[in-house]
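Trainee: give the three-dimensional model of this entry:
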Amino acid sequence: MAPFVRRAVATDQAAIEALVRGERLNPHGIEWPHFRVATHGHAVVGAVQMRRHRDGSRELGSLVVSSEYRGRGIASMLIDNLLADQLGPVHLVTARAEAARYVRWGFRAIAPAWAPRAVRCNFWLGQFLGGAVALLRGRAPRRLVVLKRL
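Mentor: Okay, the predicted model is just below:
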């Protein structure tokens, strides 16, 4: 049975939170109505959200696939599904080393200063706070980049 991507429902909330927190992603705004999930049988094996910020900007966020389901194209299926009905710009904050993966969806790197305020805040929080936490845990900090899709 192949994984299936659908809009999240209320009963997916706990599984979404577990996936996001398990990968140490930004836990802000983890609310099921903003998510698409990938399921295998009855299990939620992946998730992605469209953050809608107060400044009107939108940000693809919280993309996560359970470790045992990686390498099967599930992340691509989630992104395809999420972006299918999105008109206008969408932003994304990701590790610089991962940025090239998003070119196929039309994302291009931009200077953080050109991003909407809310996206800029997520970038700087991730860059500095995430970097400090990584250093405290003996890991190298990830360099982040802001991407924009028109």
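
Trainee: drop to CA atoms for contacts and neighbour counts, all remaining ones
Mentor: Will do.

Trainee: work out for me the element the most centrally placed residue in the chain sits within.
Mentor: Note on the chain: the residue nearest the mean C-alpha position is residue 61, at 2.5 Å, using Cα atoms, centre = their mean. If you go by DSSP states H and E, residue 61 is part of strand 58-65.

Trainee: in the very next helix or strand once past that strand, which residues are buried?
Mentor: Counting by DSSP H and E, the next helix or strand C-terminal to strand 58-65 is helix 74-83. Buried residues in helix 74-83, defined by neighbour count with 16 or more other Cα atoms under 10 Å: 74, 75, 77, 78, 79, 81, 82.

Trainee: tell me the angle helix 74-83 makes with strand 58-65.
Mentor: If you take axes from the mean of the first three to the mean of the last three Cα atoms, to 10 degrees, helix 74-83 sits at 150 degrees to strand 58-65.

Trainee: ok, now which ones touch the nearest residue to residue 147 once chain neighbours are set aside?
Mentor: Spatial nearest neighbour of residue 147, chain neighbours left out: residue 109 (4.3 Å); criterion: Cα to Cα, 6 or more residues apart in numbering. Counting by Cα atoms under 8 Å, 6 or more residues apart in numbering, residue 109 makes contact with 99, 145, 146, 147, 148.

Trainee: and the helix or strand of the chain with the lowest mean pLDDT, what's buried?
Mentor: Of all helical and strand segments in the chain, the minimum by mean pLDDT, DSSP states H and E falls on helix 130-136, at a mean of 74. By neighbour count on 16+ other Cα under 10 Å, the buried set for helix 130-136 is 130, 131.

Trainee: touching that helix from outside, list them.
Mentor: With Cα under 8 Å, 6+ apart as the criterion, helix 130-136 contacts 140, 141, 142.
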